[in-house]
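> Coordinates for the following, if possible.
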Amino acid sequence: MQFKSTMKESDGFKTLSEMKDETFTKVALRYQAVFLDIHREDINMQSEITMPVTAFLARLKENGFCVSEELLHALNTVSIERLADITSCFRNVMGVDLNWASLVKGWKVPTGESAVDHLITLLANIFGQEAGFKGTTLPCGHLIPEGTFPIERYNGCPFCGKPFKTANHVYKGQGSKLKELRLFTLEDMQHVFTSLLNSATPLDGTQKDSLEQLLREMPLPTQVSITMKETAMLVIKLLVEQGKADEATKLLKTPTDILRYLWFEKTGYVQIIEPKTLVTHARKLYSHIWEPLDKSMDAADSMRKNLLLKYDRKSCLRVARWLNALPMSAQQAAENMNPKRGMWVRMIRALRLGEYSRRKGFDHLAKLLDVFYNQDYSTWQGRVDQAKKDSPSKVLSILKERPGAFSRCLFSTMLRFGSDKVLVAFEEVADKLPARLLLSLGNAAESYFDPKEMRLARPITGVTHQLEPNKLLVLYSDQECKDMANAVIRLYQDSMARRFAAQKTEAKTIYIEPTLYHIPISVGDRSATIQDASCALMGTRFPVEGDAVRLFLQWGKGLHAQPLDMDLSCRISLADGNIAECAYYNLTCVGAKHSGDIRSIPEMVGTAEYVELSLPELIAAGAKYATFTCNAYSTGALSPNLVVGWMNSAHEMKVSEEDGVAYDPSCVQHMVRISEGNLSKGLVFGVLDVAKREIIWLEMPFTSQTLRGVDSASVEALLNKLEAKLSIGKLLDMKAKSQGLVQVEKPEDADEAYTYEWALNPAQVTQLLNY
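Below is the predicted model:
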């Protein structure tokens, strides 16, 4: 859809072309690239670098980036205004213009504050100067008694955590390693767009946000196969907004697809989360350990009101047409609706489907509603459950009717009916399954069949739960359990080998970059965070170059001044089994220092907290791991647009003695942004392996107000799960072996080259699973 712009350049508004370029620049940066609307054949690789380009490169270096040779010469072909726009985009993404002042000035030197200081200050503010307390009254109204907090060391109130001072600067150029940017043209952007639409796995938060932005700027390809239901919802939303709801019919193959879209339209979540779950979760999010601040009941009531269904006639007719056009019999459709029967009853009433079913031309809808309300249908799951009671021998034949459902209950069925005959039955239908399901089985087999290992479940509300091992495992010996796990792994490897071998290719050689053997395949890892400056998969390991790792947290961007308390914390696991915590209640501990607890945000520019870890001190103390967390102490979920990450450099990273600023974009190794609609109260976003000097990027939500709500066993279970995942390199090894490809040592010598830059697009990587 195109709009004619009537805005003048002098109005201060961006034209549609400028908005499109800005969108493409933001998306390209996530793939470590710069978008330029040029053709590669127009680039003069012998051109002399101009002064504007030289200045632009200096700004990039300040933010921790450099450019490839191709991009360097390509920059000569664009205008100085375009270079300025790209610079502004980078500054915005890296948060250069935000407030990065901390509560404590020069916070690497502890202030020595203690719980006693807070207690004395509390008494002073209760009884006042009349009781003999002398001190300084701060702009927030709190009296700080003499002999307590050294107020000259603070940018705000040390008692209530309200900042009085903001900073408009950051450090630049302290980083020791630059991230190389490559050129992205319109052709590259189209390739990313298509790969996101074709993704064989659910899109993570970054991919979903990129796709939503690209859908607004690029036309849908005519030849595209959307296999993921969650991806289809984003496309259907666009078609409905453009008045092309009838074109969405081809993407809606079952009633569940229609319900998914209606619920996505209502809640913003592409998964179907039942109302009672959302109400319960809202109650948990807005509970507070101090009862006067508890808003749980109000939040639950508000959620119930928000979930009330009300549709206009246009929406009712649209859904009625979708249901009437379903390519399923009434019995099949009713069976598909049965698992969410309660939600469908509400939807049918709210959408007046009974009324539309009596109209001419809606005969299929009328039949469907008649079958659904009279329950004149049987369910596949009911047949399975009945077979387990009456004739267990029939269970496997019924399971083979639906390979996807069979794969989801494969492990428990093996334990109940014996692994040999179950795997024989499953192998008959294994090649009908999507490769991502087979890969998930292979990744999970070892942990499931280990009777001593806890497993993790992450429901779509973002809460992490521990699962006890299956009770039936006690019936088998350790060797039998290992044999079952190995059998599953062999089965999925054989199936993948057959798929790769069946794929036609003219290639004879292949190059696999060594780093790909350390990057896990993204299957089953839904992520709620957005990575604006990179695209790392969960489980990626980042080497630590210097002797310090600096965590940072910035929140409140674009919000008015208000109390909003987000906390940055770190838990250190020592070799003797003890735990050290660096958090708002303990600003210094072995190997770590905190910048102070801020509980209110200033106007529009946000505020920041830091934690610095000293590797020499951690090693001397015998530390094994350091777990990085952030959480919302205020009621509600983590603040949208909150940015969290860590910095690392071989050079010393400074801390301002004037305002506590310690942020340098050139030192940022990894950072993520909390997306809109986040359901998490807290987030574990990394683990430092002290001995290996590596930081493991992971994302594990939790629901506690403080660091102490993080379960160490769950973190360890997640690390084990990531460690067991198949890497991209190993999957490519399977491809090379199945297709008879010879590995070469240089990408330019290979017919097929798989590099780290290629792996930056996870949706492109999952194309390997489309066979």
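
> helix or strand for T231, which one?
Secondary structure from DSSP states H and E places T231 in helix 229-241.

> Quick check: nearest residue in space to N338, chain neighbours excluded?
Of all residues not flanking N338 in the chain, T379 sits nearest, at 5.5 Å (C-beta to C-beta, 6 or more residues apart in numbering). Using the backbone N, CA and C atoms, a C-beta is placed for each residue, glycine as well.

> And the helices in the stretch 301-450 of the chain, which stretches?
Along the stretch 301-450 of the chain, counting by DSSP state H, counting those that start in this stretch, helices occupy 313-324, 330-337, 341-350, 353-357, 363-374, 380-390, 395-399, 403-408, 410-417, 419-429, 435-448.

> Assign the most centrally placed residue in the chain to helix, strand or coil.
Most central in the chain under C-alpha atoms, centre = their mean is S527, positioned 2.4 Å from the mean C-alpha point. Here S527 is recorded as coil under DSSP: H, G, I helix; E, B strand; the rest coil.

> gap between S296 and V710?
21 Å (C-beta to C-beta, to the nearest Å).

> sorry, back to before: could you pull up the contacting residues of the residue nearest to the centre of the chain?
If you count contacts by C-beta atoms under 8 Å, 6 or more residues apart in numbering, S527 has them with 204-206, 538, 699.

> likewise E694?
541-544, 688.

> ok, now A763?
If you count contacts by C-beta under 8 Å, 6+ apart, then A763 has 192, 195-196, 198-199, 203, 207 around it.

> By neighbour count, which of the residues you listed wins?
Greatest neighbour count in the contacts of A763, by other C-beta atoms under 10 Å, goes to S199: 28 neighbours.

> Give me the average confidence score over stretch 561-580.
Here stretch 561-580 scores 93 as its mean pLDDT.

> For the contacts of S527, which single residue is the most surrounded?
Busiest of the contacts of S527 [other C-beta under 10 Å] is D204, holding 24 neighbours.

> pLDDT score for it?
Confidence score, pLDDT, at D204: 86.

> Find the nearest non-adjacent residue to it, please.
Per C-beta to C-beta, 6+ apart, closest to D204 is S527, 3.8 Å.

> now do K253
P327 (6.7 Å).

> Repeat that for L353.
A320 (5.8 Å).

> need the contact list for the one you found.
Counting by C-beta under 8 Å, 6+ apart, A320 has contacts 351, 353, 356-357, 362, 365.

> ok, of these, which one's closest to K229?
Here the nearest of the contacts of A320 to K229, counting by C-beta to C-beta, is L351; it sits at 20.3 Å.

> Isn't the closest one up against S315?
Yes. Between L351 and S315 there is a contact under C-beta atoms under 8 Å: 7.3 Å.

> So for the two, which sits in the more crowded spot?
Between L351 and S315, L351 has the larger neighbour count (other C-beta under 10 Å), namely 20 against 17.

> burial of the nearest residue to that one once chain neighbours are set aside, as a residue count?
Leaving aside its sequence neighbours, L351 sits nearest to C316 (C-beta to C-beta, 6+ apart; 4.7 Å). Residues within reach of C316, counting by other C-beta under 10 Å, total 16.

> before we move on, the earlier item: next, find the distance separating the residue nearest to K253 from A333.
10 Å.

> what does N99 give?
55 Å.

> now swap in V611 and tell me
Taking C-beta to C-beta, one finds V611 at 54 Å from A333.

> next one: E247
E247 is 21 Å from A333, by C-beta to C-beta.

> quick one: buried residues of the helix or strand hosting E265?
Assigned by DSSP H and E, E265 belongs to helix 255-267. Within helix 255-267, the residues that qualify as buried are 255-264, 266-267, counting by 16 or more other C-beta atoms under 10 Å.

> still on that earlier bit, who's more crowded, P327 and A333?
Per other C-beta under 10 Å, whichever of P327 and A333 has more neighbours is A333, with 25 against 12.

> wait, that one sits on K367?
No. If you go by C-beta under 8 Å, A333 and K367 don't touch, sitting 9.1 Å apart.

> coming back round to it: the inter-axis angle of whatever helix or strand comes next after the helix holding E265 versus helix 255-267?
Next helix or strand after helix 255-267 toward the C-terminus (DSSP H and E): helix 275-285. Calculated by axes from the mean of the first three to the mean of the last three C-alpha atoms, to 10 degrees, helix 275-285 forms an angle of 30 degrees with helix 255-267.

> Output the below-cut-off pLDDT ranges for the protein.
1-16, 460-463, 524-526, 770-771 (pLDDT under 70).
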